[in-house]
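In: Output the structure for:
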Amino acid sequence: MSNIIRKIIFIVGVKIKNPLLFNEFNFLKKAEKYSLKELEEYQLKQLTFLLNHTYRFSSYYKRIFDENNIDLNKINTIEDFKKIPIITKNELIEHNKEIQNFSYNKNVFSETSGSTGEP
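Out: Numbers count the residues shown, from 1 in each chain. From the prediction side, this is the model:
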């Protein structure tokens, strides 16, 4: 099979299975030229979005933020993220169901090669 046919099959396959891949690739090519300031602004924007999402959709994180008086509207710098308590592996295991958001209609299968260290 010629390389051109392989490339066409690859591109068609990607567009069917993961249509956003090329958009993400193009963004990464653009972002690799970001200045430090632009990179930090982008990181802050993404982290802020993630925190707001976890607060809205995870009862565990909502409780943790509320118990620690963390006002997500006051997280304005990367430094402000130090206010968020670190979650241990044991807490992730213990509160797994509470951490996860089961409201999505899309099922995603995933596996890890790691373990909890528990028999």
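
In: Can you tell me the SS state at Lys33?
Out: Look at Lys33: counting by DSSP: H, G, I helix; E, B strand; the rest coil, its state is coil.

In: cool, and Ile70?
Out: Reduced to three states with three-state DSSP, the structure at Ile70 is coil.

In: So it sits against Phe81, correct?
Out: No. The criterion here is CB atoms under 8 Å, and Ile70 misses it with Phe81 at 10.1 Å. Quick note: C-beta positions are derived from backbone N, CA and C, even for glycine.

In: The two: which is more packed in?
Out: Applying other CB atoms under 10 Å to Ile70 and Phe81 shows that Ile70 carries more neighbours, namely 17 against 13.

In: Tell me who's in contact with the more buried one.
Out: Ile64, Lys83, Ile84 (CB atoms under 8 Å, 6 or more residues apart in numbering).

In: burial measure for Thr48, as a count.
Out: Neighbour tally, Thr48, other CB under 10 Å: 16.

In: How about the one 10 residues further on?
Out: By the criterion of other CB under 10 Å, Ser58 has 17 neighbours.

In: who's in contact with it?
Out: Counting by CB under 8 Å, 6+ apart, Ser58 touches Glu98, Ile99, Gln100, Asn101.

In: how far away is Lys82 from Phe25?
Out: Lys82 sits 33 Å away from Phe25, going by CB to CB, to the nearest Å.

In: So which residue is smack in the middle of the chain?
Out: Among the residues of the chain, the one closest to the centroid is Leu50, at 6.8 Å (CA atoms, centre = their mean).
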